[in-house]
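Trainee: can't give you the sequence, but here's the structure:
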């Protein structure tokens, strides 16, 4: 590509990224607690990252929820406005009249296009989230009895970027305590070995991950196990135009990280790496939804 063509392509990308994206950032409460009307019709699928339009009317119901996992029992929805400003709406803010969106992205662009697509997927994750679905309880305890499974190694060529890093894993089923071990194939040394994990997820402290093949083995108290493999590589995943647009936008940092992880999870082989990039994010509901979705083997659309 000539220097002139490269400059023109860069300018087009910068123009199309959009700097005035107004969208739903986080949601606290069940889907039934929120009503968004657009051009006289109720939106059927609202979710984090849904771009908003001028004239959208938002109503938050008063009804409180009883899900123990949500500390704040009052329903609320947070909107990301211009220049990193957030607007949180609760029942009191829409009791007398709906909140009306008065400014939004001026025209469709790459960022809003990505958001429109992923918000449909986030809507499904939100509906399926433990926070919006009752737990099945027997004898006073949450009842689960699935076989052991680990969905993070989706596909046959799971990859991670080599280097010094901590490692996050999650699985389902089995009986605690668990033993979790990570080996480099062809080497005798175990990089990580946790013998008494009582939870179905774990974070291993930083170690140097050299390029090569690795095996993960999870054993439960009943002698059942799961075995998976991944490859540590030195080459970073390619960034397409959508990822570049997100990177160059003025979106808040946590929104960027979450959206970039979604795009990465769509690339063949990079599902496990995408999980690592959101697993350590705390206190940001969209990242939590993505983390849970990837743990369940959900592939972004």
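Mentor: Nice, I can see it. What you are looking at is a predicted structure, and each value in this text was computed from that prediction instead of being measured.
Trainee: list the buried residues in the helix or strand hosting residue 125.
Mentor: Using DSSP states H and E, residue 125 sits in helix 110-128. In terms of neighbour count (16 or more other Cβ atoms under 10 Å), helix 110-128 has its buried residues at 110-112, 114-115, 117-119, 121-123, 125-126. C-betas here are computed from N, CA, C, even on glycine.
Trainee: mind listing what residue 151 touches?
Mentor: 172, 294, 295, 296, 297 (Cβ atoms under 8 Å, 6 or more residues apart in numbering).
Trainee: was I right about the third one contacting residue 278?
Mentor: By that I understand residue 295. No: between residue 295 and residue 278 there is no contact under Cβ atoms under 8 Å: 10.5 Å.
Trainee: which of the two has more neighbours?
Mentor: residue 278 (26 against 20; other Cβ atoms under 10 Å).
Trainee: any low-confidence regions in the stretch 51-200 of the chain?
Mentor: Low-confidence regions of the stretch 51-200 of the chain, defined by pLDDT under 70, span residues 63-73, 83, 104-108, 130-145.
Trainee: please repeat the previous calculation with a cut-off of 80.
Mentor: 63-73, 82-84, 103-108, 130-146, 154-156, 188-189 (pLDDT under 80).
Trainee: residue boundaries of the strands in it?
Mentor: 57-60, 76-80, 86-89, 99-100, 137-138, 141-142, 159-161, 163-170, 178-184, 190-197 (DSSP state E, counting those that start in this stretch).
Trainee: now tabulate the ones you listed in a markdown table and tack on mean neighbour count and distance to residue 246.
Mentor: Formatted as a markdown table, the strands of the stretch 51-200 of the chain follow (neighbours: other Cβ atoms under 10 Å; distance: least, Cβ to Cβ, whole Å):
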| stretch | mean neighbour count | distance to residue 246 |
| --- | --- | --- |
| strand 57-60 | 21 | 25 |
| strand 76-80 | 20 | 14 |
| strand 86-89 | 14 | 19 |
| strand 99-100 | 14 | 27 |
| strand 137-138 | 9 | 40 |
| strand 141-142 | 8 | 36 |
| strand 159-161 | 18 | 19 |
| strand 163-170 | 17 | 22 |
| strand 178-184 | 18 | 31 |
| strand 190-197 | 14 | 32 |
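Trainee: what's the distance between the residue lying closest to residue 273 once chain neighbours are set aside and residue 281?
Mentor: Leaving aside its chain neighbours, residue 273 sits nearest to residue 160 (5.3 Å; criterion: Cβ to Cβ, 6 or more residues apart in numbering). According to Cβ to Cβ, to the nearest Å, residue 160 and residue 281 sit 17 Å apart.
Trainee: do residue 295 as well
Mentor: 14 Å.
Trainee: can you check residue 230 too?
Mentor: Where residue 281 is concerned, residue 230 sits at a distance of 21 Å (Cβ to Cβ).
Trainee: more neighbours: which of those two?
Mentor: residue 230 (22 against 16).
Trainee: which SSE is the more buried one in?
Mentor: Using DSSP H and E, residue 230 falls in strand 225-233.
Trainee: got the angle for that strand vs strand 178-184?
Mentor: 30 degrees (axes from the mean of the first three to the mean of the last three Cα atoms, to 10 degrees).
Trainee: strand 225-233 packs against which elements?
Mentor: Strand 225-233 sits against strand 159-161, strand 212-219, with contacts defined as 3 or more Cβ pairs under 8 Å, 6 or more residues apart in numbering; DSSP states H and E.
Trainee: one more time with 10 Å
Mentor: Under the contact criterion of 3 or more Cβ pairs under 10 Å, 6 or more residues apart in numbering; DSSP states H and E, strand 225-233 touches strand 159-161, strand 163-170, strand 178-184, strand 201-209, strand 212-219, helix 271-279.
Trainee: which parts of that strand are buried?
Mentor: Within strand 225-233, the residues that count as buried by 16+ other Cβ under 10 Å are 226, 228, 230, 231, 232, 233.
Trainee: quick one: the second one from residue 268, how far?
Mentor: Counting by Cβ to Cβ, the separation of residue 228 from residue 268 is 17 Å.
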